[in-house]
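S.K.: attaching a predicted model along with its sequence, questions to come.
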Amino acid sequence: MAKKQLLNKKSMDFLEKYLNNASPTGYEWEGQKIWMNYLKPYVDEFITDTYGTAVAVINPKAKFKVVIEGHADEISWYVNYISDNGLIYVVRNGGSDHQIAPSKIVNIHTKKGIVKGVFGWPAIHTRSKAKEQAPKPDNICIDVGAKDKAEVEKMGVHVGCVITYPDEFHILNKDKFVCRALDNRMGGFMIAEVARLLHENKKTLPFGLYVTNSVQEEIGLRGAEMITQTIKPNVAIVTDVTHDTTTPMIEQKTQGYAEIGKGPVVAYAPAVQQKLRDLITDTAEEKKIPFQRAALSRATGTDTDAFAYSNGGVASALISLPLRYMHTTVEMVHKDDVENVIKLIYETLLKIEDGETFSYFK
């Protein structure tokens, strides 16, 4: 008997549209509009803030508040310097990887629209084998086909323009989703699907649910820091991506073991409230949802930290989606893991009681 598909055509159409839209850190609002439009039938109201975080709310009048959260932004570049001969040097906006830049096509976002460019690189014939240089932030540059700085500026390009890659969503071997910015557009997608399932299955929650798509995670969890002060939640379940460590050049003794297709990754870390995490793992075991575990040292490096250490302490947990090739344009996740993250968050929400403190002293 074939298993029932959790993701439907409408879901997949939304995912593709949402991923293909550029949403660089600090410029997330067009993606947020796509996300909010999809969620509109399933929620009661929306909250947005000054910097662009969007929250879809179910039961807004309830005093007890639970957040499920992902982040909306993607890594990118800024125009930093335009040389006299019309070449553009860049600075990171988030953790953009300089090593993958050479030979990539880029979109430079200007007031006049998209200007196409390429990260050039010296031909193999012209490089010294004895002194082979690796790509570095100070030696990669973009060519927009202009003869000089004036021509670049005439195209509408100036210092501060944001730059993204145009790579779009596709599926490999039927069940692997590949795109730039799966980190963490997948999080926004998965929490939206949780809201859809709650609505379609006519589930009534005893608390307010705040489906939160935070901005500016990639430069220091800033969107979550802001929105947690606005919502003042009692509980936060965060979802982000984590490394599949089975591909070459990753040391499992230091990075741990996780693999796409083996299930969501539940985090163990000081910021993770242990009773909430136990509820998640107990739920996974009861509902036969496969999961993996990860130990994180001082911080999770995700929005979990921002929620946990806010408002006098918020019971927080992290459920991660294993992903290959993070911060490249070919990030890869497994469809089964996507569905199982959605199921795990959904089933955990159904077990949280109104007023639950997750106190260690009860």
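M.R.: On my side now, so go ahead.

S.K.: how about the nearest residue to Asp240, chain neighbours excluded?
M.R.: Once flanking residues are discounted, Asp240 sits nearest to Thr302: 4.4 Å by Cβ to Cβ, 6 or more residues apart in numbering. Backbone N, C-alpha and C define where each C-beta goes, glycine included.

S.K.: gap between the one you found and His199?
M.R.: 27 Å (Cβ to Cβ, to the nearest Å).

S.K.: which one's more surrounded, the two?
M.R.: Thr302 (28 against 14; other Cβ atoms under 10 Å).

S.K.: pLDDT score for the more buried one?
M.R.: In the predicted model, Thr302 carries a pLDDT score of 97.

S.K.: tell me who's in contact with it.
M.R.: Contacts for Thr302 were tallied using Cβ atoms under 8 Å, 6 or more residues apart in numbering; they are Glu217, Leu221, Val238, Asp240, Leu318, Ser320.

S.K.: Pro137 too?
M.R.: Val90, Val91, Arg92, His98.

S.K.: any idea how far it is from Gln99?
M.R.: Counting by Cβ to Cβ, the gap from Pro137 to Gln99 is 10 Å.

S.K.: how many neighbours does Val106 have?
M.R.: 23.

S.K.: that one against Gly120, yeah?
M.R.: No - here Val106 lies out of contact with Gly120, judged by Cβ atoms under 8 Å, at a distance of 10.9 Å.

S.K.: who touches both of the two?
M.R.: Common neighbours of Val106 and Gly120, using Cβ under 8 Å, 6+ apart, are Ile142.

S.K.: circling back to that earlier point, which of the contacts of Thr302 are buried? Put it as a PyMOL command.
M.R.: PyMOL command restricting the contacts of Thr302 to the buried ones, with burial defined by 16 or more other Cβ atoms under 10 Å:
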select buried, resi 217+221+238+240+318+320
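
S.K.: and the furthest pair within the contacts of Thr302?
M.R.: For the contacts of Thr302, the maximum inter-member distance is 15.1 Å, found between Leu221 and Ser320 (Cβ to Cβ).

S.K.: show me what contacts the residue nearest to Asn21 when sequence neighbours are not counted?
M.R.: Leaving aside its sequence neighbours, Asn21 sits nearest to Gly31 (Cβ to Cβ, 6+ apart; 5.0 Å). Applying Cβ under 8 Å, 6+ apart, one finds that Gly31 lies in contact with Tyr18, Asn21, Ala22, Ser23, Ala72, Arg185, Gly188.

S.K.: for those, which one is nearest Thr246?
M.R.: Nearest to Thr246 out of the contacts of Gly31 is Arg185 (Cβ to Cβ; 23.0 Å).

S.K.: if we can go back for a sec, and the contacts of Gly31, which are buried?
M.R.: Using 16+ other Cβ under 10 Å, the buried ones in those are Tyr18, Asn21, Ala22, Ser23, Ala72, Arg185, Gly188.

S.K.: in helices, which of those fall?
M.R.: Residues of the buried ones among the contacts of Gly31 located in helices (DSSP state H): Tyr18, Arg185, Gly188.

S.K.: closest one of those to Lys9?
M.R.: Tyr18 (14.6 Å).

S.K.: just give the number of residues close to the nearest residue to the closest one once chain neighbours are set aside.
M.R.: Once flanking residues are discounted, Tyr18 sits nearest to Ile34: 5.3 Å by Cβ to Cβ, 6+ apart. Per other Cβ under 10 Å, the neighbour tally for Ile34 reads 17.

S.K.: my guess is Ile34 contacts Leu19. True?
M.R.: No - counting by Cβ under 8 Å, Ile34 does not reach Leu19; the two are 9.8 Å apart.
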